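> what's the 3D shape of this:
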Amino acid sequence: MPRPVTAFLAICSGLWGVACMLAGSPYEPFPTGPRQPPSVAATSSGPLEITVVHPPNDGDAAGAGDRLLLRADSGYQIQSRDSTFLFGSTGRGDARLLINGREVAVYPTGGWLAWLPLPNDSLARFEIAAVAGTEVAEMEFVVPLAARPAVPPEGAWIDSTSLSPTGDVWLRQGEGLALSLRATPGADVQAVLGDGRRVPFVTDPRPDPLSWGARAFDSQVSNRDSVPASRDRFVTWWVSRLGPGPGHLLQPDSVPEPEDTSWVWVEAVVVPDTARIRWPLRIGVVDPNMSLVVVVDDDPSGSGTTDATLPGRPVPYGTYHWFFPNGTVAAVSGRSNDQIRLQLSRTSVAWVDAAEVAGLPLGTPPPRGRVRSLRLSPADSSTTLRIPLPARLPFSIEENRAELRVRLYGVAADTDWIQYGGTDPLVRLVAFSQDSEDETVVTLSLAREVWGYRTRWDGNDLLVEVRRPPLIDAQRPLRGRTIALDAGHPPGGAKGPTGHWEPDVVLGVALKTAELLERYGARVVLTRDSDDPMGLYERTLAAEQSGAELLVSIHANALPDGVNPLVNNGTSVYYFHPRSADLARELNRALVRQFGFPDLGFGRGDLALARPTWMPSALAEGLFMMIPEQEAVLVSDEGQRRYARGIVEGVAAFLRERALRDR
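Below is the predicted model of the structure:
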């Protein structure tokens with residue numbers, strides 16, 4: 001459980017390089033000029049020993065003469081298609097390192113990081129050799145490559161790992177679905193149905209798609225968009241049932257036997273060869289006369305340990321966009337494996353996890369009705385809008401600078417009265433509009449920018465509680481503020497080339513940040529102050545229950561496969577809701593000044609610790625654990641203090657700017 005940080009001795013010290021903040025003295029920011037990266041690494045002189053931290057491996061090397069053979073963990077595969085990174089240590093900083101004949105720089109700590117091309121094969125083999133004085137160490141490291149066939153054979157072939165989609169899918173009548181695969185360039189590709197009919201595929205002319213990681217984190221991604229199509233990708237369009245029945249719309253049935261003649265097969269013909277494989281796909285079509293309604297329940301066992309909220313996505317497995325409280329009811333219009341499509345209104349849908357909804361009896365009408373009179377109830381720290389609904393209908397909240405738009409699905413506005421409950425200086429206006437036949441939008445226009453909000457059900461009434469912004473002294477912006485600090489992980493967390501672990505590093509940063517914030521008069525709450533694992537929901541709940549007015553989650557970064565870390569590294573900060581964008585921007589500016597490493601900028605990220613709605617929140621990725629030089633900074637006392645200073649400076653700048661705008 002979180003606990004407030006105990007007050008430290010109020011003795012002035014040069015520890016932080018700033019003047020002691022006496023009671024009543026004005027806030028003074030840290031120096032804002034550019035900083036040089038700290039020099040923290042003395043040359044390691046341990047025994048010469050090659051270790052590979054990433055890709056992850058079981059650590060058991062088999063001897064082969066003077067050479068060791070190391071394999072990736074069972075089940076791990078490199079997802080990139082053209083290049084990947086490896087990093088680890090030589091045990092000493094004066095070693096020379098070669099991987100597949102390429103020289104790789106070794107940092108004084110012994111850490112190293114390599115960016116290497118991948119073969120056109122199903123396995124990548126890395127010959128690693130290190131030399132220091134008269135010592136020599138050699139290793140062969142073998143890693144499987146995902147979705148990568150061996151060198152294509154002559155004649156006809158189909159890549160069985162490329163079939164998309166697979167599994168069970170339910171569509172609306174006439175909706176349609178794209179089917180795609182990889183096969184021999186120039187082949188005649190056709191799907192063969194159970195009744196003998198054939199459906200042709202056409203060559204997909206688009207360039208090979210980049211991975212999600214490259215799109216999100218590769219600063220040189222524009223240079224890769226011009227890569228020509230490989231011409232081994234084929235597509236077709238399907239608009240009806242396909243293969244054996246895909247089971248119940250909510251609960252997939254057992255998979256039919258492979259011998260079932262209703263399965264679809266796909267053929268690629270390159271005269272005189274033919275490649276033929278079964279397509280593990282079942283498509284059903286939703287009966288338009290069938291009404292299937294579900295209720296959201298992310299805690300079917302009644303444990304009380306969940307956030308009682310189900311995320312909704314615009315596409316299966318996509319980014320979070322909706323947050324449906326338990327008890328929300330909606331009609332179902334489709335399925336994609338373990339994702340269910342909720343039909344929120346005639347034109348809006350959301351995809352959710354099938355395991356977190358429960359079906360209501362067949363014939364239950366889809367929830368529909370009217371929005372009637374609205375009422376505001378002001379209180380000291382917040383004001384609450386009560387929206388009476390005919391059922392616990394789906395809704396979303398769209399946030400702008402000084403506005404909240406509550407979109408209600410499946411209802412029409414029949415709002416004769418809006419009661420403000422007295423003169424509340426926070427709310428300027430409550431209004432409603434009918435954006436479509438069955439979607440109503442209730443808009444709260446505020447006198448000050450949004451600070452936070454939360455929602456809950458009271459019977460069938462939706463309560464939207466809007467938090468009042470704190471009164472901030474622009475001269476002493478940290479004084480009197482309650483700030484939650486989250487030291488990211490465990491469980492999980494990135495490891496550096498020499499084996500340092502992210503959770504240990506960021507806990508040290510959080511403790512140093514807490515001490516400095518308290519010197520400036522803030523009250524600090526740590527979501528964790530030990531090495532015990534802690535869930536994401538526990539962290540956000542701890543921040544909210546503590547009364548925190550602001551949340552900063554502290555992390556050290558890593559990259560997904562396929563992104564070059566030699567040119568994509570440095571400092572970045574992420575937000576999720578618009579109200580937190582300024583916090584992320586100020587944190588990023590301050591951390592770049594403190595560290596002096598490249599500026600990756602701030603951005604929006606679908607991250608749990610950036611998603612709380614009750615307060616501004618941001619997630620800081622100060623530096624990269626996987627970069628040897630940056631790992632050395634992060635584990636050093638000076639580096640952690642710079643991280644702490646950057647957080648304090650960024651938070652203070654955000655609060656000061658809000659105070660000036662709210663005047």
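
> now the strands for the stretch 101-250 of the chain?
Assigned by DSSP state E, counting those that start in this stretch, the stretch 101-250 of the chain shows strands spanning 102-104, 111-117, 123-132, 135-144, 158-164, 167-171, 177-183, 188-192, 198-200, 202-203, 233-238.

> for residue 403, which of these is the nearest?
strand 167-171 (37.0 Å; Cβ to Cβ). All C-beta spots, glycine's among them, are computed from the backbone N, C-alpha and C.

> so what strands line up beside that closest one?
strand 281-285 (parallel), strand 329-336 (antiparallel) (DSSP bridges).

> which stretches of the protein have low pLDDT?
1-42, 63-66, 147-152, 221-229, 252-256, 258 (pLDDT under 70).

> just checking, what packs against the longest helix belonging to it?
Taking DSSP state H as the criterion, the chain has its longest helix at helix 637-661. With contacts taken as 3 or more Cβ pairs under 8 Å, 6 or more residues apart in numbering; DSSP states H and E, helix 637-661 sits against helix 502-519, strand 550-557, helix 581-595, strand 617-624, helix 628-635.

> what pairs with the helix or strand just after the first one, parallel or antiparallel?
In other words, helix 502-519. The element immediately downstream of helix 502-519 (helix or strand, assigned by DSSP states H and E) is strand 523-526. If you go by DSSP bridges, strand 523-526 pairs up with strand 3-4 (antiparallel), strand 482-487 (parallel).

> would a markdown table of these with mean neighbour count and distance to residue 278 be doable?
Formatted as a markdown table, those follow (neighbours: other Cβ atoms under 10 Å; distance: least, Cβ to Cβ, whole Å):
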| stretch | mean neighbour count | distance to residue 278 |
| --- | --- | --- |
| strand 3-4 | 12 | 58 |
| strand 482-487 | 26 | 48 |
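
> turn the ones you listed into a markdown table, including distance to residue 67.
Shown next, in a markdown table, are the strands paired with strand 523-526 (distance: least, Cβ to Cβ, whole Å):
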| stretch | distance to residue 67 |
| --- | --- |
| strand 3-4 | 52 |
| strand 482-487 | 41 |
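
> between these, which one is nearest to residue 524?
Once the strands paired with strand 523-526 are compared by Cβ to Cβ, strand 482-487 is nearest, at 5.6 Å.

> just the CA trace of the closest one, in CSV.
Only the C-alpha atoms of strand 482-487 are listed here, as CSV (Å, rounded to 0.1, in the frame of the first residue of the first chain):
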residue,chain,number,x,y,z
THR,A,482,-0.2,16.5,-3.2
ILE,A,483,1.8,14.7,-5.9
ALA,A,484,1.8,10.9,-6.5
LEU,A,485,5.1,9.3,-7.8
ASP,A,486,4.9,5.9,-9.3
ALA,A,487,8.2,3.9,-9.6
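
> ok so, going back, can you tell me which of the helices and strands packed on helix 637-661 is most buried?
strand 617-624 (a mean of 28; mean count of other Cβ atoms under 10 Å).

> quick one: list the elements packing against it.
By 3+ Cβ pairs under 8 Å, 6+ apart, strand 617-624 packs against strand 550-557, strand 571-575, helix 581-595, helix 628-635, helix 637-661.

> mind putting these into CSV with distance to residue 486?
Formatted as CSV, these follow (distance: least, Cβ to Cβ, whole Å):
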stretch, distance to residue 486
strand 550-557, 4
strand 571-575, 13
helix 581-595, 13
helix 628-635, 17
helix 637-661, 11
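
> okay if I get the helices and strands packed on helix 637-661 as JSON lines plus distance to residue 651?
Listed next are these as JSON lines, based on distance: least, Cβ to Cβ, whole Å:
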{"stretch": "helix 502-519", "distance to residue 651": "8"}
{"stretch": "strand 550-557", "distance to residue 651": "7"}
{"stretch": "helix 581-595", "distance to residue 651": "7"}
{"stretch": "strand 617-624", "distance to residue 651": "9"}
{"stretch": "helix 628-635", "distance to residue 651": "20"}
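
> among these, which comes closest to residue 328?
strand 617-624 (23.8 Å).

> partners of that closest one in the sheet?
Counting by DSSP bridges, strand 617-624 is paired with strand 550-557 (parallel), strand 571-575 (antiparallel).

> those into JSON lines, with extra columns for distance to residue 336?
Converted to JSON lines, these look like this (distance: least, Cβ to Cβ, whole Å):
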{"stretch": "strand 550-557", "distance to residue 336": "31"}
{"stretch": "strand 571-575", "distance to residue 336": "28"}
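
> ok, which of the ones you listed comes nearest residue 330?
Across the strands paired with strand 617-624, closest to residue 330 is strand 571-575 (Cβ to Cβ), at 28.6 Å.

> show me the contact partners of that closest one.
Applying Cβ atoms under 8 Å, 6 or more residues apart in numbering, the contact partners of strand 571-575 are 557, 581, 583-585, 587-588, 591-592, 595, 597-605, 607, 610, 617-623, 650.

> again, 6 Å this time
581, 584, 587-588, 591-592, 595, 597, 599-600, 602-603, 605, 607, 610, 618-621 (Cβ atoms under 6 Å, 6 or more residues apart in numbering).

> so for residue 154, which of the strands paired with strand 523-526 sits nearest?
Per Cβ to Cβ, nearest to residue 154 of those: strand 482-487, 56.2 Å.

> what sits against residue 477?
Taking Cβ under 6 Å, 6+ apart as the test, what residue 477 contacts is 652, 655-656.

> correction: the previous question concerned residue 647.
513, 552.

> one more pass at 7 Å, please.
By Cβ atoms under 7 Å, 6 or more residues apart in numbering, residue 647 lies in contact with 513, 552, 587, 620.

> quick check, nearest of those residues to residue 88?
residue 620 (26.2 Å).

> that closest one pairs with what?
residue 554, residue 573.

> got it, and the one 4 residues further on?
Under DSSP bridges, the beta-bridge partners of residue 624 are residue 557.

> so it sits against residue 563, correct?
No - if you go by Cβ atoms under 7 Å, residue 624 and residue 563 don't touch, sitting 11.2 Å apart.

> what number of residues lie near residue 194?
14 (other Cβ atoms under 10 Å).

> buried set for stretch 417-432?
By 16 or more other Cβ atoms under 10 Å, the buried positions in stretch 417-432 come out as 420, 424, 426-427, 430, 432.

> could you do stretch 479-499 as well?
In stretch 479-499, counting by 16+ other Cβ under 10 Å, buried: 479, 481-490, 493-498.

> quick one: end-to-end distance for it.
The first residue of stretch 479-499 is 39 Å away from its last residue (Cα to Cα, to the nearest Å).

> and what of stretch 608-625?
21 Å.

> the closest residue to residue 437 other than its chain neighbours in helix, strand or coil?
Closest residue in space to residue 437, ignoring its immediate chain neighbours: residue 346 at 6.4 Å, by Cβ to Cβ, 6 or more residues apart in numbering. Here residue 346 is recorded as coil under DSSP: H, G, I helix; E, B strand; the rest coil.

> how far away is residue 346 from residue 601?
According to Cβ to Cβ, to the nearest Å, residue 346 stands 39 Å off from residue 601.

> so if I had to pick from those two, which one is more boxed in?
Taking neighbours as other Cβ under 10 Å, residue 346 and residue 601 compare with residue 601 leading, 15 against 11.
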